[in-house]
Each structure stands twice: as C-alpha cells, then as structure tokens.
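# any chance you can model this:
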Amino acid sequence: MLGGMSGAVPHAERAPRRLAILGSTGSIGRAALDVVRSLRASGEAFEVVGLAAHRNIELLAAQVREFRPAAVAVAASRDAAAEALGAGAPGWHGEVLAGADGLAALAAGTGAELVLVAVSGVAGLRPTLAALDAGADVALATKEALVAGGPLIMEAAARSGRRLVPVDSEHSAIFQCLAGQSQAEVRRLWLTASGGPFRRRSPEELDAVTPQEALRHPTWSMGRKVTVDSATLMNKGLEIIEAHWLFGVPAERIEVVIHPQSLVHSCVEFVDGSVLAQIGPRDMRLPIQYALTYPRRQPAPPRPLDLRALGALEFEPPDPRRFPCLVHAREALARGGTAPAVLNAADEVAVRLFLDGRIRFPEIAALVRRVLDGHRPRPAASLEAVLEADREARVQAERYAAGSPATPQAAW
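The predicted structure is shown next:
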C-alpha cells in the first residue's frame, strides 16, 4: 500500500466523530478545538470524548467546561487536578487520569474513533500505540513518536488496520499529493523548510545567537522546542525520518529544500518528472482539519490564498555546514534500531539546555552528535527497548553537557 500507511486509502465512509485530543492546551490542540468549533458550526458534529494536558490546568478546565469530555488526563497530581477541574468546570463529573499510564488509558479507553496525538516529544509514542491497538484511527502531530518508534507504530497500524494520518503541514502535503498514486511512480519527496531565523547567519554569527532570537520564527507560531528545532533544522531531520516511516520511501529519496515563504508545504516528484505541490496559507488549522475529516474536505476558517498576490516563491538548498543536524538525522536513520530514539532524546535535552542558557546554539548539534556517536544501536523491537534507549541518551547528554565522565560506550 502506498506510503506503508495501513487503512490510508480514501473510501466513502464518513470520518470518525468521537474524538480525543492529547495535548489539548498546546498550539496544535488549541487549533484542533478551533477546527471542531468551525466544523460544528457548518453541521459537522464532533463529540470530544477525551482531553489531555501537561500543566495548564486552568486552560484545560475551560476546555472541559465547553466540551464536557468523558475523561481527561494530566501530567500533574490526579487529586490536585481533579480539585482544580472541579472548581473550574462545575457540574462536570468525568474521570481524571494522571501520568503516562493515564495518557495511554485516555487514548485507548474513551471509545474515541479518532485520537489526535499532539503531546510533546517521545511521550506521544505510548498513547499512539495504545490508540491503534484499541482500534482507533490516529491523527499524528507528534513527529517524535515516529522518529523514536517508527517500526512499532507502523506495525501497530498494520495489525489493527486503522488509519494513521499525518498532521504536520509537510507530511499532510505529501499525503495529499500521493492520493491515488502508486509507490512505483514516486521518484522523490521534497520537504520544504522555512530556514528559520538564522538562514543567512554565518557559522561565526550563530555562536552568539540567544534563545530569544531562536524563538522568533519568521513565519510560524509554534511551541518553544519545535521553534528551536526549526532554527537548527533538526525539525527537518526529524521529518525525514517521519516521512520514511509514513510513506515507505528510503532516506536517499527524501530531499529538504529551504522555502522561506512557507506557502509550498511540500512536494512529490514522480518518475515522469512531474512535481505535485500542496500550497496553502500558513495556518495549521488546514492540515488539522484535513486529518479530522479525511477523506472528505470541508470549508475551513482560514482566508484562502489569492494566487495573484503571492509574489515570488524562493527555493534553495540547505547548508549542512551551518545546519549539521540534518546530517545527524540522516545518519541516525541509516544506523537504525534505537539510534533515531537516541537522536531525538539528545536533541530534547540539548534544546532545553540552550533555552536555559547552559549551552550555546552551535552546541545543540555538537551535543547531539556526541551522544549519537556514543550509542551502539539495538533493535527497536519493543516500547520498553525504545524508552530505555531514550532514558540512557538523556543521561548521557546531561553528563556530556556538565563535563562529567560518561558511561563507557560498551555499556549502552
């Protein structure tokens, strides 16, 4: 099947209506609820049966007041969250779950037909597997889940026969361009990248950039971690790995191109030389809505593009000397096994250390490189194996950053 995506062929049945949103207080979750409101206004009713948040209990309470889900999951203490939700959403008597177990239980146990996974980082892997194994379709916005556990997710999708629909704007674009096409007809995938705020900075200038500068993305409003990843181009490196698993295309046939206008969201090049591109406004509500209503299209809130007003669209190759994270990601995918999980974990730690002012911007890539080089990949044969590699990589990254002696390579 094209793209290795089980159950991804369009058919006539109506899209799932019972929806759980994991990461409902983040940028993707908030946009998804905005989409639900818009679809409801146009007669496309969704029942929000589950919501999950990390720490923003106040916003979660407002969402619970509005959508009245059957259950919520939080990272905080269950008792404290239940008390806060009781005060913030009077009359609501749904179930409150907590921690990683609660997140997985919410994904699997609310009766959702569609689970939008938009939690940050590798924490999205376990609930993605739980949702698929419970027979729900998954709209996946957490690329790190596929980066760390790609084989596990694709096996779970194939085993359950459920849909796995991408939400990232780039992968949604490719997903749309591939509709009805044969795998044999695809020559290359083209992932577009804005280039972030430092696209014209020299390596010497990059040494002095601040977290505040890195968080000023030129075209998108995103969370802190993904914004820094966009500045280092690690975001595109992770997306290469994600595209490999989603679409079954080898890494050597997945290209990255800088496109600062961020209007061409990605392209597919076919063997006859034709290139199909998906172009749209810089608004995440579009790929989110497509994932929620797939395979149908519905009117959407963003203002449509006026092609007459677009102006010039620029494309240029990325510079691996300034953005070595692209190279690191390709190497992790080539090594296979637990290497991509280690890449992702080291990057999460490195970005946090940079935002905390403990390392300089170029040291993000250097720290990832050092952790990756110190890892001997093992088969990513189970969730436990992936999460153990993730934990080890975080420990190593902290030790390297602190200048402490690292665990001998043979130990991990």
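# quick one, what contacts Arg159?
Shown in contact with Arg159 (Cβ atoms under 8 Å, 6 or more residues apart in numbering): 132-133. (Glycine included, C-beta is placed from N, CA and C.)
# in which helix or strand does it reside?
helix 143-160 (DSSP states H and E).
# so after that helix, what's the next helix or strand?
Of the helices and strands lying after helix 143-160 in sequence (DSSP H and E), the nearest is strand 164-166.
# the longest helix seen in the chain - what's its average pLDDT?
What stands out as the longest helix in the chain, according to DSSP state H, is helix 383-402. For helix 383-402, mean pLDDT rounds to 96.
# list the buried residues for it?
383, 385-387, 389-390, 392-394, 396-398, 400-401 (16 or more other Cβ atoms under 10 Å).
# tell me how far the helix holding Arg159 lies from the chain's centre.
On the basis of Cα atoms, centre = their mean, to the nearest Å, helix 143-160 sits 13 Å off its chain's mean C-alpha point.
# quick one, it and helix 383-402 angle?
Helix 143-160 and helix 383-402 are oriented at 170 degrees to each other (axes from the mean of the first three to the mean of the last three Cα atoms, to 10 degrees).
# just the buried positions in helix 143-160, please.
Residues of helix 143-160 classed as buried: 143-154, 156-158, 160 (neighbour count, 16+ other Cβ under 10 Å).
# and of those, the nearest to Gly337?
Within those, distances to Gly337 taken as Cβ to Cβ reach their minimum at Pro151, with 9.1 Å.
# what sits against that closest one?
Contacts for Pro151 (Cβ under 8 Å, 6+ apart) come out as 245, 380-381.
# out of the residues you listed, which are buried?
For the contacts of Pro151, buried by 16+ other Cβ under 10 Å: 245, 380.
# for Leu310, state which of the contacts of Pro151 is nearest.
Trp245 (32.2 Å).
# let's see the pLDDT reported for that closest one.
98.
# please apply the same query to Val9.
So Val9 comes in at 39 (pLDDT).
# cool, Arg55 as well?
Note for Arg55: predicted pLDDT of 87.
# what does the one 4 residues further on give?
pLDDT, Leu59: 96.
# kindly report the same for the one 10 residues further on.
According to the prediction, Pro69 has pLDDT 97.
# ok, Ser266 next?
If you check Ser266, the pLDDT there is 98.
# would you map the strands across the stretch 51-200 of the chain?
Ranges of strands in the stretch 51-200 of the chain, per DSSP state E, counting those that start in this stretch, are 71-74, 95-98, 114-117, 137-140, 164-166, 186-193.
# can you tell me which of these is nearest to Pro127?
strand 114-117 (6.1 Å).
# CA atoms of that closest one as PDB?
Backbone C-alpha positions of strand 114-117 (Å, rounded to 0.1, in the frame of the first residue of the first chain) are rendered in PDB as follows:
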ATOM      1  CA  LEU A 114     -10.100   9.200  16.200                       C
ATOM      2  CA  VAL A 115      -7.200  10.200  18.600                       C
ATOM      3  CA  LEU A 116      -5.300  13.300  17.800                       C
ATOM      4  CA  VAL A 117      -1.800  12.900  19.300                       C
END
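# within the sheet, what are the partner strands of that strand, with directions?
Partners of strand 114-117 in the sheet, by DSSP bridges, are strand 18-22 (parallel), strand 137-140 (parallel).
# quick revisit: out of the buried residues of helix 383-402, give me the two with the largest separation.
Taking Cβ to Cβ as the measure, those have their most distant pair in Leu383 and Ala401, spaced 27.1 Å apart.
# one step back: between the buried residues of helix 143-160, which is closest to Leu106?
Out of the buried residues of helix 143-160, the member with the shortest distance to Leu106 (by Cβ to Cβ) is Ala145, at 15.4 Å.
# that closest one against Val122, yeah?
Yes - if you go by Cβ atoms under 8 Å, Ala145 and Val122 touch, sitting 6.9 Å apart.
# circling back: Throw the contacts of Pro151 into CSV and include distance to Arg303 and secondary structure, thanks.
Shown next, in CSV, are the contacts of Pro151 (distance: Cβ to Cβ, whole Å; DSSP: H, G, I helix; E, B strand; the rest coil):
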residue, distance to Arg303, secondary structure
Trp245, 34, helix
Ala380, 43, coil
Ala381, 47, coil
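# share the number of residues neighbouring Ala130, please.
Ala130: 23 surrounding residues under other Cβ atoms under 10 Å.
# pLDDT wise, what is it at?
Turning to Ala130, the model gives it a pLDDT of 98.
# what of Met1?
Looking at Met1, its pLDDT reads 36.
# how about Leu191?
For Leu191, the pLDDT comes out at 98.
# how near is it to Asp79?
44 Å (Cβ to Cβ, to the nearest Å).
# also Ala73?
From Ala73 across to Asp79, the span is 14 Å (Cβ to Cβ).
# which of the two has more neighbours?
Set Ala73 next to Asp79 and count neighbours by other Cβ under 10 Å: Ala73 wins out with 31 against 10.
# run through the bridge partners of the more buried one.
Bridge pairing for Ala73 (DSSP bridges) gives the partners Ala52, Leu97.
# and the residue nearest to Val35 when sequence neighbours are not counted, how many neighbours?
Of all residues not flanking Val35 in the chain, Gln289 sits nearest, at 4.7 Å (Cβ to Cβ, 6 or more residues apart in numbering). Neighbours of Gln289 under the rule other Cβ under 10 Å: 27.
# okay, the strand or helix carrying Gln289 in CSV with CA atoms only?
Secondary-structure assignment from DSSP H and E places Gln289 in helix 285-293. In CSV, the C-alpha atoms belonging to helix 285-293 read as follows (Å, rounded to 0.1, in the frame of the first residue of the first chain):
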residue,chain,number,x,y,z
ARG,A,285,-5.9,24.5,11.1
LEU,A,286,-5.9,23.3,7.5
PRO,A,287,-3.8,20.1,7.9
ILE,A,288,-5.6,19.5,11.3
GLN,A,289,-9.0,19.7,9.6
TYR,A,290,-7.9,17.5,6.8
ALA,A,291,-6.8,14.9,9.3
LEU,A,292,-10.1,15.1,11.2
THR,A,293,-12.4,14.9,8.2
